[in-house]
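# Attaching a predicted model along with its sequence, questions to come.
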Amino acid sequence: LTCTSRSFDGPGFLYLSSNTNKFNMSYLLPHLNNGWEVDQAIVTEEDRVVVIRFGRDTDPTCMVQDEVLGKIAEKVKNFAVIYVVDIDKVKDFNEMYELYDDCATMFFYRNKHIMVDLGTGNNNKINWPLSEKQEIIDIIEMVYRGARKG
């Protein structure tokens, strides 16, 4: 895992959504409901990694990711804060970050986009669900350690 950063020039509200077929886990995580809230979350956090899951709350892939992120949020709270953004409601970043996948997880630290190399060729985001809690904790911790070093 290698980390690099790129310049990026508030917390939202809890949003409960449901799907008649499946229970939606996104209610466990704070939502950023517009572009300004996304910007504020990235710009104002000075000490922790900002983890943002971009996708759709009702998408099965996002539901898997949200469940894991919800379970680890308390464990990583000292070095990371986790948010979710519904790309159908907040479209400001869809083109900029090429958010065409069902689910994409991105990392930011001190107003910089942190890129991760997981051997897929796409260093901008993780675009598959990580279903193992320890795996995502380890990735977030490595992002934090790498970003702090600069």
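Yes, it's here. Numbers count the residues shown, from 1 in each chain.
# the bottom helix or strand of this protein by mean pLDDT?
The least trusted helix or strand in the chain, going by mean pLDDT, DSSP states H and E, turns out to be strand 13-14, with a mean of 32.
# Summarise which helices and strands the helix or strand following it is packed against.
Downstream of strand 13-14, the next assigned helix or strand under DSSP states H and E is strand 30-31. Judged by 3 or more CB pairs under 8 Å, 6 or more residues apart in numbering; DSSP states H and E, strand 30-31 is in contact with strand 13-14, strand 80-86. C-betas here are computed from N, CA, C, even on glycine.
# could you point out the longest helix in this protein?
Longest helix in the chain, counting residues (DSSP state H): helix 133-149.
# May I have it exported as CSV, CA atoms only?
Output in CSV follows, covering the C-alpha atoms of helix 133-149 (Å, rounded to 0.1, in the frame of the first residue of the first chain):
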residue,chain,number,x,y,z
LYS,A,133,-13.6,-5.2,9.0
GLN,A,134,-9.9,-5.7,9.8
GLU,A,135,-8.9,-5.1,6.1
ILE,A,136,-10.6,-1.7,5.9
ILE,A,137,-9.2,-0.8,9.4
ASP,A,138,-5.7,-1.6,8.2
ILE,A,139,-6.2,0.4,5.0
ILE,A,140,-7.5,3.4,6.8
GLU,A,141,-4.6,3.2,9.4
MET,A,142,-2.0,2.9,6.6
VAL,A,143,-3.6,5.9,4.8
TYR,A,144,-3.4,7.9,8.1
ARG,A,145,0.2,6.9,8.8
GLY,A,146,1.3,7.6,5.2
ALA,A,147,-0.6,10.9,5.0
ARG,A,148,0.9,12.2,8.3
LYS,A,149,4.4,11.6,7.0
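# now the most centrally placed residue in the chain, what's its secondary structure?
Centroid-nearest residue in the chain: I52, 1.9 Å away (criterion: CA atoms, centre = their mean). Under DSSP: H, G, I helix; E, B strand; the rest coil, I52 falls in the strand class.
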